[in-house]
Structures are given as structure tokens and as C-alpha cells.
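>>> sharing a model that was predicted from the sequence below.
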Amino acid sequence: MLLLGQSGAGKSTLLQALAGVLADDEGEREGTMLVDGRPPAPGRAGLVLQDPDSQLILARVGDDVAFGCENLGVQRDETWRRVHEALDAVGLDVALDRSTSALSGGQKQRLALAGVIAMQPGLILLDEPTANLDPQGVTEVRDAVVRVAQLTGATLIVIEHRVAVWQGVVDRVVVLETGGGAIADGDPGSVLGARGAELAAGGVWVAGHPPARPARRHRAAEQLMLETRELSVGRSRMAVQEGIDLRVCGGATLAITGPNGAGKSTLGLTLAGLLPPVGGEVVAGAELAGDAGPHPIKWRSRQLLTRIGTVFQQPEHQFIAATVRAELEVGPKALGLSDSETRTRVSELLDRLRLASLAEANPFTLSGGEKRRLSVATALATRPRVLVLDEPTFGQDSRTWSELVALLAGLVDDGTAVVTITHDLDLVDALADATVTLS
């Protein structure tokens, strides 16, 4: 079954409830939920999440797959028999002692799926399992899921905004309505075919109904903001990319693409002044640098605020406040803006990014798409001259995608420089003035 709906409709919450991992005091409940005739409980359903790295538990592949079985008290010999069968089922042909951190994004996601099916649940729940994967990784994970379904006979429920990935392999499509209930339930042809235009208007990604794209004011790029010279990037002083020469200019968007593990996020953090270069240098243009000096890695946090804003790949990594409103106030308050100016900026962003109804909510309780929009808003609150955005559109329905892209396009047209790290080819097509592909 493919589970669809607008961003914030409750899709992830429903899967967490089915998996039995929602705390008793988390949110409101009414009605009845049964899994195979009984209330949900951990271990009877397996849940695979969006972020492959967040699901890695142990350092070696075999140990990671065995972890769930060990927690269920499965005997040792039976556990390792299941480990081998699960890895075969997902098509992950690597040594059991292979480091989990050395796997690609697609391999990590298949490893997470193997850990779930080794526990032999009757219900497998997939929450946007391909959201942060390159095209090859998307195909690997989808094909692995199909093999699992054929081999185990388990029931599969998949949440995915990009419908085309799963449309040909599911038997049923359910579209949740924001606020409760379902607005559609049936086979893919009847739901996505007969009602495609209606669902697309409500934000569902339906093939043949592309989302609206912003009209652009084409103009020559403005002054140089950032430049790299023979740049090498990496972590722990080990380079993953070398000899990078880039120019980031005001009024233009640079898209950085490439497979998982190529160093895209590392390059973005280095451009943003948050990671030191392994070699070469990142140099700010004179207007951007001002009195802060030419090298962003040496700038203080307050100097970065109005110069370079960064959106991390994982939204949770940048949340520090107890409410959405307070999160958006952090940057403006750090700049010493007046209360009235802070309120104005925060209100504008809440309205523009469909977060006003969530202003007093804890950021960590938002849906994946809402968290992503909040993380973008936090970067915009200080109105920096350069934005470095890592996967800014993941988790968005087609309507919030269009609104977010239109917002970014307007900033670029007004002179902001945008660097976006993305697998979203629709975003590249709509916004990029230049593209760099890492390999």
C-alpha cells in the first residue's frame, strides 16, 4: 500500500502508531488500531525511516542486522541464519564484518531494511525510504522492497511523496486528508488516474500533473560572493574531493549534484564556513566579507549570521528552541534586532512557509516536511547574502514544493546567492543557473 497526503497530514504519525513506538502521552488518540487483530507493539511491525544514517546502530554489517533479533531473544544460530537470509533478500552482497559507515546511502537503506525483515514482522512500514538517495540508490531500495514482499509475504505500507517510484509496484493507494480520514482509497489506476487532477491540486505528486514553477527574472549574475581555489574537502583531514574551483555569485543559484557519498554535504559545509578546507581555500568576495576578513572559516558566528545561512541535511541538527516561533527568533535576537522587527520577520516566515498554525509546537514534533520548511525559515530569518541549502525540498508535497521554490527564486532574483545540494532534478531544472556534479 502506498500512503499519500499533504505535508503534515499525519502519515508518519500513523506509521509510528502502527509500529507501536508512539509514547502513551504523545498527542491525542481515539478509536481503535489493530495489527493482525491485536494492539500494536514494538517488534511485531518493522519501521524503516527516511535517514539511513539514523538507523545504523552497530559498526559492522552483520551485527547491525542481528541487533533486532537479539533484542527479541532469538537463539544465536537462528539469528545468524536470518541475518544471511535478510541480506540476500535485499540484495546486499557485502561481508558481515564490513563497516556500516563505509556503505553508500542506498546500501545503508537496504541494510536498515534487512535488519527489519530479519525480525520477521508481518507488517513492514517504510517512511520515505528513498528521500535522501541518489537515483541509483532509489532503484536499489525499491527493488529490494519488491523482493522482500515476494519472498516473505509481509504487508508493506510505504510513504513517499514522489509517487512514480512506487506506483507500478503497489496494489493499493490511500490518500489521507489533513485533519482526519481518507479522501481516496483504491487501486493505483482508479485513485491516481481518475482522480489525478484533484489530488495534484491538493498537493499529491501525480505523474502528468507537474507542480507550478516560478517565473524567473533572468539577469546577469551580480558580484562574486564566494570563490574556491584548488579546494579539497573532507572530514578528519581526509579529502573526499580535491581540486574544486567554484564561483558563487549574487543573483544566481549553483546546484551541486552527484551520488551519495561523493562529498556534496561536506563541500556545502566547507563553503558555508563550518568545516575547514583540507586543502586550498574558500575566499569571500570583498562586499560579502566586509571587515570580517576573506576566509569564512575564520568568521565568528555573529559574522556568519548575515553573510552565509546554512540548512543542514537533517533539520533536527539545527533546532535549539522549545517552540517553532522561538526557533525563528534565535537568529534575529542574536543580531540584536528590536522586538518589533523580530516579530515582523518571524510572522512573515510563519505565513509564507505554512507554519503559522504550528508556531507554539515543539520543532521535534513536526512532520518531516514541516521540519524541513522550519529549517529553511531559520536560515532566512537573518537575511543572509548567501544561502547554502542541503536537500531543501525533501519531504514536501507538490504544493509546498512550489511555494518553497518560488520563495527561493524570489530571493535569487533580488540578489541572494543560493547553493543547493540536491538529488531533486525538478529543483535543479526550476532554479539552477549552473550545476556542478561530483563523482
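Cool, got the structure.

>>> report the beta-bridge partners for the residue lying closest to residue 163 once chain neighbours are set aside.
Of all residues not flanking residue 163 in the chain, residue 205 sits nearest, at 5.0 Å (CB to CB, 6 or more residues apart in numbering). C-beta: built from backbone N, CA, C; applies to glycine. Taking DSSP bridges as the rule, residue 205 bridges to residue 162.

>>> my read: residue 205 touches residue 166, true?
No - applying CB atoms under 8 Å as the test, residue 205 and residue 166 come out as separate, 10.8 Å apart.

>>> sticking with residue 387, tell me its helix or strand.
Here residue 387, judged by DSSP states H and E, is contained in strand 386-390.

>>> torsion angles phi and psi at the most centrally placed residue in the chain?
Computing the C-alpha centroid of the chain and ranking residues by CA atoms, centre = their mean puts residue 394 first, at 4.4 Å. Per-residue torsions, residue 394: phi -70, psi 150 (degrees, to the nearest 10).

>>> now do the contacts for it.
50, 128, 131, 132, 368, 369, 372, 424 (CB atoms under 8 Å, 6 or more residues apart in numbering).

>>> rerun that using 7 Å as the cut-off
Counting by CB atoms under 7 Å, 6 or more residues apart in numbering, residue 394 touches 131, 132, 372.

>>> now tabulate these in JSON lines and tack on secondary structure, distance to residue 38 and neighbour count.
Putting these into JSON lines (DSSP: H, G, I helix; E, B strand; the rest coil; distance: CB to CB, whole Å; neighbours: other CB atoms under 10 Å) gives the following:
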{"residue": "131", "secondary structure": "coil", "distance to residue 38": "31", "neighbour count": "25"}
{"residue": "132", "secondary structure": "coil", "distance to residue 38": "34", "neighbour count": "24"}
{"residue": "372", "secondary structure": "helix", "distance to residue 38": "35", "neighbour count": "27"}
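
>>> could you list the domains of the protein?
2-201, 224-437 (automatic domain parsing).

>>> and these, which one is worst for confidence?
Mean pLDDT values for the domains of the chain show the minimum at domain 2-201, a mean of 89.

>>> got the end-to-end distance for that domain?
19 Å (CA to CA, to the nearest Å).

>>> now do stretch 54-65
Start-to-end, stretch 54-65 (CA to CA) is 14 Å.

>>> repeat for stretch 95-106
16 Å.

>>> buried ones in that stretch?
98, 100, 103, 104, 105, 106 (16 or more other CB atoms under 10 Å).

>>> what sits against the third one?
Listed by CB under 7 Å, 6+ apart, the contact set of residue 103 reads residue 111.

>>> which element, helix or strand, includes residue 78?
helix 76-90.

>>> ditto for residue 420
strand 417-421.

>>> count of residues packed around the residue nearest to residue 163?
Taking other CB atoms under 10 Å as the neighbour definition, residue 205 ends up with a count of 23.

>>> next one: stretch 87-104 to chain centre, how far?
Here the centre of stretch 87-104 is set off from its chain's centre by 23 Å, with CA atoms, centre = their mean, to the nearest Å.

>>> that one: end-to-end distance?
15 Å.

>>> next, the angle from the helix ranked longest in the chain to helix 76-90.
Looking across the chain with DSSP state H, the single longest helix is helix 135-152. If you take axes from the mean of the first three to the mean of the last three CA atoms, to 10 degrees, helix 135-152 sits at 130 degrees to helix 76-90.

>>> got a list of what residue 21 touches?
42, 47.

>>> right, I mislabeled it, should have said residue 342
329, 332, 333 are the contacts of residue 342 under CB under 7 Å, 6+ apart.

>>> does the last one count as helix, strand or coil?
Applying DSSP: H, G, I helix; E, B strand; the rest coil to residue 333 yields a three-state assignment of helix.

>>> quick revisit: report the buried residues of the helix or strand just after the longest helix of the chain.
For helix 135-152, the following helix or strand on the C-terminal side (DSSP H and E) is strand 155-159. In terms of neighbour count (16+ other CB under 10 Å), strand 155-159 has its buried residues at 156, 157, 158, 159.

>>> what helices or strands is strand 155-159 leaning on?
Applying 3 or more CB pairs under 7 Å, 6 or more residues apart in numbering; DSSP states H and E, we find strand 155-159 packed against strand 2-4, helix 11-19, strand 123-127.

>>> show residues contacting the second one.
It stands for helix 11-19. Here helix 11-19 has contacts from 3, 5, 22, 33, 35, 40, 45, 47, 123, 125, 127, 157, 159, 176, 367-368, using CB under 7 Å, 6+ apart.

>>> report the buried members of these.
Applying 16+ other CB under 10 Å to the contacts of helix 11-19 flags 3, 5, 22, 35, 40, 45, 47, 123, 125, 127, 157, 159, 176, 367-368 as buried.

>>> quick one: the spatially closest residue to residue 10 that is not a sequence neighbour and residue 2, what's the gap?
Excluding the flanking residues, the one nearest residue 10 by CB to CB, 6+ apart is residue 176, at 5.9 Å. Residue 176 is 11 Å from residue 2, where distance means CB to CB, to the nearest Å.

>>> for the chain, what's the longest strand?
strand 224-235 (DSSP state E).

>>> quick check: the gap between the residue with the largest distance to the centre of the chain and residue 69.
Distance to the chain centre peaks in the chain at residue 77, reaching 37.4 Å (criterion: CA atoms, centre = their mean). Remark: distance between residue 77 and residue 69 (CB to CB) = 11 Å.

>>> ditto for residue 57
12 Å.

>>> who has more neighbours, those two?
More crowded of residue 57 and residue 69, by other CB under 10 Å: residue 69, with 22 against 13.

>>> so which elements touch the helix or strand where the more buried one lies?
Secondary structure from DSSP H and E places residue 69 in helix 61-71. Counting by 3+ CB pairs under 7 Å, 6+ apart, the packing neighbours recorded for helix 61-71 are helix 76-90, helix 105-118.

>>> measure how it sits relative to helix 76-90, angle-wise.
120 degrees.

>>> in contact with residue 211, which residues?
Residue 211 neighbours (CB under 7 Å, 6+ apart): 398, 401, 402.
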